[in-house]
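[1] Structure, please.
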Amino acid sequence: MSYLMTTLTKKREVDTIIRDTIDKVLVLRFGRASDPVCLHLDDLLRKSSREVSKFATVALVDIDSEEIQVYVNYFDISFIPSTIFFFNAHHMKMDSGTADHTKWVGAFHKKQDFIDVVEAIYRGAMKGKLIVSCPLPSERIPKYQLLYKDV
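    Below you'll find the model as predicted:
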């Protein structure tokens with residue numbers, strides 16, 4: 001499904017879309033087009049992109065691209081898919097009860113879960129917040145174990 005959506009493979013493309021997306025939430029899915037979980041998430045993003053188009057833009061970022069490794073390292077993307085949110089070039093964070101507030105790790109369970117999260121981020125961003133609370137119940141939030149290198 002990734003061929004139906006904007007796919008970014010260069011650092012300049014990511015920089016441009018972050019800078020140029022104004023008054024909308026920018027949703028960047030970092031992952032691989034060959035990964036089954038990423039394909040599931042891509043399908044869900046594609047199906048819901050029309051419903052969130054008034055307040056969000058969705059793009060896919062190929063983490064296998066050499067130029068994208070700057071962002072992979074900066075956002076510490078060790079699990080895929082990882083979804084990162086921006087609003088007016090500001091990195092939006094979400095408190096979902098996990099140890100990492102900087103990104104959503106894993107796929108959303110349902111299309112409505114994704115829409116609810118993006119809408120919560122949009123509403124918080126319009127109020128000037130940089131971190132918002134996750135609107136989903138804890139049983140629908142993916143759980144994972146953080147592993148720190150050299151600690």
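[2] C-terminal to the longest helix along the chain, what's the next element?
    Identified as the longest helix of the chain according to DSSP state H is helix 111-126. With elements assigned by DSSP states H and E, the helix or strand that comes after helix 111-126 is strand 131-133.
[3] Okay, now the sheet partners of that following strand, with direction.
    strand 90-95 (parallel) (DSSP bridges).
[4] what angle sits between the strand it pairs with and helix 111-126?
    120 degrees (axes from the mean of the first three to the mean of the last three C-alpha atoms, to 10 degrees).
[5] Show the backbone phi and psi for the most centrally placed residue in the chain.
    Nearest to the mean C-alpha position of the chain, by C-alpha atoms, centre = their mean, lies T83 at 2.1 Å. Backbone torsions of T83, given as degrees, to the nearest 10, read phi -120, psi 130.
[6] What number of residues are in the vicinity of the closest residue to it other than its chain neighbours?
    Distance criterion C-beta to C-beta, 6 or more residues apart in numbering; nearest residue to T83, sequence neighbours excluded, is W104 at 4.2 Å. In short, each C-beta sits where N, CA and C put it, glycine included. For W104, the neighbour count with other C-beta atoms under 10 Å is 25.
[7] For W104, which residues are in contact?
    S82, T83, I84, F85, M94, S96, V117, P142 (C-beta atoms under 8 Å, 6 or more residues apart in numbering).
[8] buried set for stretch 124-140?
    By neighbour count with 16 or more other C-beta atoms under 10 Å, stretch 124-140 contains the buried residues G124, A125, V132, C134, L136.
[9] circling back: closest to L45 out of the contacts of W104?
    T83 (8.5 Å; C-beta to C-beta).
[10] ok, so what distance separates that closest one from L41?
    Shown here: T83 relative to L41, a distance of 8 Å by C-beta to C-beta, to the nearest Å.
[11] same check, this time on A89
    Going from A89 to L41 by C-beta to C-beta gives 24 Å.
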